[in-house]
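A.B. asks: Build me a structure from this.
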Amino acid sequence: MEANNAQPFSSTYYPKHGKKVRMNQLRPNKYREITAARKLLGLPETATMASIKASYRRLLAKWHPDKCVEDKESCHQMTQKIICAYKTIMDYCSHYQYSFSEQTIRRHLSPEEWWIDRFGNDPIWGRGKKSELSNPKNGQDSTI
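C.D. replies: Down below sits the predicted model:
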């Protein structure tokens with residue numbers, strides 16, 4: 001019996017994106033890694049893709065070895081940390097599963113979108129005038 005050589009788990013792992021990953025390449029605490037990357041980039045707990053990219057570009061412009069006024073070596077190391085942090089955040093974002101359910105979309109409406117969704121073009125509570133869709137001219141149905 002070769003129980004010592006038996007592996008309880010496979011040495012490869014296939015996450016949802018289908019790429020082959022060796023088990024020793026997986027990180028034990030992804031949350032800590034993402035949080036450290038987020039803090040390095042100066043991001044709040046919730047951020048848009050635009051704010052992530054803007055923060056990354058701003059920090060790279062500040063710490064790039066060609067533009068940095070401090071020690072070139074420390075600037076180079078900080079640039080490498082910024083790039084690594086950005087890659088970590090982008091990897092997380094690219095594998096994040098977005099929800100397109102009605103409930104989730106309604107949760108993220110702006111106040112104006114919520115008002116229009118709630119009251120529409122009601123003459124009293126809406127924008128104060130009826131739309132052409134709700135009051136078609138010449139008796140024609142203008143539904144889409």
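
A.B. asks: burial of residue 96, as a residue count?
C.D. replies: When neighbours are defined as other C-beta atoms under 10 Å, residue 96 has 7 of them. Using the backbone N, CA and C atoms, a C-beta is placed for each residue, glycine as well.

A.B. asks: what's the spacing between it and residue 89?
C.D. replies: The gap separating residue 96 from residue 89 is 11 Å, by C-beta to C-beta, to the nearest Å.

A.B. asks: Please identify the helix or strand for the closest residue to residue 82 other than its chain neighbours.
C.D. replies: The shortest distance from residue 82 to any non-neighbouring residue, by C-beta to C-beta, 6 or more residues apart in numbering, is to residue 59 (5.0 Å). Using DSSP states H and E, residue 59 maps to helix 49-63.

A.B. asks: quick one on the thing from earlier: got the contact list for the residue nearest to residue 82?
C.D. replies: 41, 42, 82 (C-beta atoms under 8 Å, 6 or more residues apart in numbering).

A.B. asks: Residue 29 versus that one, what's the distance?
C.D. replies: From residue 59 to residue 29 the distance is 24 Å (C-beta to C-beta).

A.B. asks: end to end, how far does stretch 38-56 reach?
C.D. replies: Across stretch 38-56, the terminal residues are separated by 10 Å (C-alpha to C-alpha, to the nearest Å).

A.B. asks: could you give the mean pLDDT of that stretch?
C.D. replies: Computed over stretch 38-56, the mean pLDDT rounds to 95.

A.B. asks: which residues touch that stretch?
C.D. replies: With contact meaning C-beta under 8 Å, 6+ apart, stretch 38-56 is reached by 59, 81, 82, 85, 86, 89, 90, 93.

A.B. asks: for stretch 67-84, same thing?
C.D. replies: 37, 40, 41, 56, 59, 60, 61, 62, 63, 64, 65.
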